[in-house]
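> This is the structure alone, sequence omitted:
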């Protein structure tokens, strides 16, 4: 097995961990009676789960071994409404670095198919970081006066692609 395949399997776990973190953030916002923020992060959780399943499908298609590993417990408690979004932006930045390293590894191993596969993820991560940075700025400003302003913003604004990218590779299990 190549190092690229090993790292792709690790990325599956990273994507599932990101999904779990977004569920934890969504639940926290739900507990704070901030339904728009909760809804946004529930959607993000599904999107990250689908990213894991896209990688699984790629590995299956490439006839490579697939490992579904355990993930660590996500952070569940936050001091204010800004902390979860700040954590989410940091998580998106970390995932972007991971995908970049995977692309470099594929290139280094001469795996052009793997490198091409990751091109979609790189584009997706740029959008994820940008939209999460926008949300963070919005939540920071709203928290200074009334966090419900962030709720209003989310109710009337589409952030990101809501996980509906027509150019996305297929995920294992199809539309689940």
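Yes, it's here. This is a predicted model, so every value here is computed, not measured.

> Same question for stretch 127-145: list its buried residues.
The neighbour-count check on stretch 127-145 (16 or more other C-beta atoms under 10 Å) flags 128, 129, 131, 132, 135, 136, 138, 139, 142 as buried. The way it works is simple: take the backbone N, C-alpha and C, and place the C-beta from them, glycine included.

> Isn't the first one up against residue 92?
Yes. With contact defined as C-beta atoms under 8 Å, residue 128 reaches residue 92; the gap is 4.7 Å.

> one step back: can you redo the buried residues of stretch 127-145 as a markdown table with secondary structure?
Putting the buried residues of stretch 127-145 into a markdown table (DSSP: H, G, I helix; E, B strand; the rest coil) gives the following:
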| residue | secondary structure |
| --- | --- |
| 128 | helix |
| 129 | helix |
| 131 | helix |
| 132 | helix |
| 135 | helix |
| 136 | helix |
| 138 | helix |
| 139 | helix |
| 142 | helix |
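
> Now render the residues you listed as TSV, adding pLDDT and distance to residue 49.
Formatted as TSV, the buried residues of stretch 127-145 follow (pLDDT from 0 to 100; distance: C-beta to C-beta, whole Å):
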residue	pLDDT	distance to residue 49
128	94	14
129	95	19
131	94	18
132	96	17
135	96	20
136	97	22
138	96	25
139	97	23
142	95	28
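
> Any buried residues in stretch 98-111, and which?
Within stretch 98-111, the residues that count as buried by 16+ other C-beta under 10 Å are 98, 99, 102, 103, 105, 106, 111.

> does the second one sit in a helix or strand, and which one?
When you say that, I think you mean residue 99. helix 83-108 (DSSP states H and E).

> how deep is residue 28 tucked in, by neighbour count?
20 (other C-beta atoms under 10 Å).

> mind checking how far it is from residue 154?
15 Å (C-beta to C-beta, to the nearest Å).

> try residue 141
Distance check for residue 141 against residue 154: by C-beta to C-beta, it reads 13 Å.
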